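[1] Give me the fold of what follows.
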Amino acid sequence: MTKIARRGLMFVLSSPSGAGKTTLSRKLLSEDADITLSVSATTRKPRASEQDGKDYFFISKEKYDAMVDGDEFLEHAKVFDNFYGTPKKPVEEALAAGRDVLFDIDWQGTQQLVSNAKEDVVRVFILPPSRSELEDRLKRRAEDPPEVVAGRMARASDEMSHWAEYDYVIVNDDLDKAYEQITDILRAERLKLRRQPGLSDFVNKLREE
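    Alright, predicted model coming up:
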């Protein structure tokens, strides 16, 4: 099989909570060996089940501040009382090696990514089929108390208002169909000329034969 060197891409999935982003992300990671999940750094304490370097890079606030000052994050933000950021180095190494990196982030983080590396970013926004279905999904998860569900629903309108900032929008009314659309997007984006730096050498060799 002909192998042409390519540059990886940053594949962003964003959605209001309950629209299916996490389920779709897990399915993509389990079925596509050429994409890996971006690991964020955070100042919060690890939970019992979490591993440093796998779930997050757990760092001190002093280390976080030093990384911000050193421009070592692709995007960073304060969420409630903790700080989060995406370290540049592992992402850039993956892209240079031809591996794609999946980002499960909101519209604010996506804006920062685009400002730092626009040519490498592919943005996909996932919408629910209706507000009532979104609320039903949040309730069916049975992970959050009613007041948390209400808070997520209140934030959903603001989050969905940013849909036009994305390259692609998918309505997740059927999980298999939404997943197929995501893989179609990823397949097409991988074939774009600017992501295949090895094409020039390949074509030159063809012409010389």
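
[2] Show me what the host helix or strand of A156 is packed up against.
    Assigned by DSSP states H and E, A156 belongs to helix 146-160. In terms of contacts (3 or more C-beta pairs under 8 Å, 6 or more residues apart in numbering; DSSP states H and E), helix 146-160 is packed against helix 131-141. C-betas here are computed from N, CA, C, even on glycine.

[3] in the helix it packs on, what's buried?
    Within helix 131-141, the residues scored as buried using 16 or more other C-beta atoms under 10 Å are L134, E135, R137, L138.

[4] which among these gets closest to Y64?
    Taking C-beta to C-beta as the measure, Y64 lies nearest L138 of those, at 30.7 Å.

[5] so that closest one makes contact with V149?
    Yes. Look at L138 against V149 with C-beta atoms under 8 Å: they come within range, at 4.8 Å.

[6] tell me the angle of the helix holding A156 relative to helix 131-141?
    Interaxial angle, helix 146-160 versus helix 131-141 (axes from the mean of the first three to the mean of the last three C-alpha atoms, to 10 degrees): 140 degrees.

[7] What residues sit buried inside helix 146-160?
    V149, R152, M153, A156, E159, M160.

[8] Would you tell me which one of those residues comes nearest to A66?
    Nearest member of these to A66, counting by C-beta to C-beta, is E159, at 31.1 Å.

[9] Please report how far that closest one lies from N204.
    47 Å (C-beta to C-beta, to the nearest Å).
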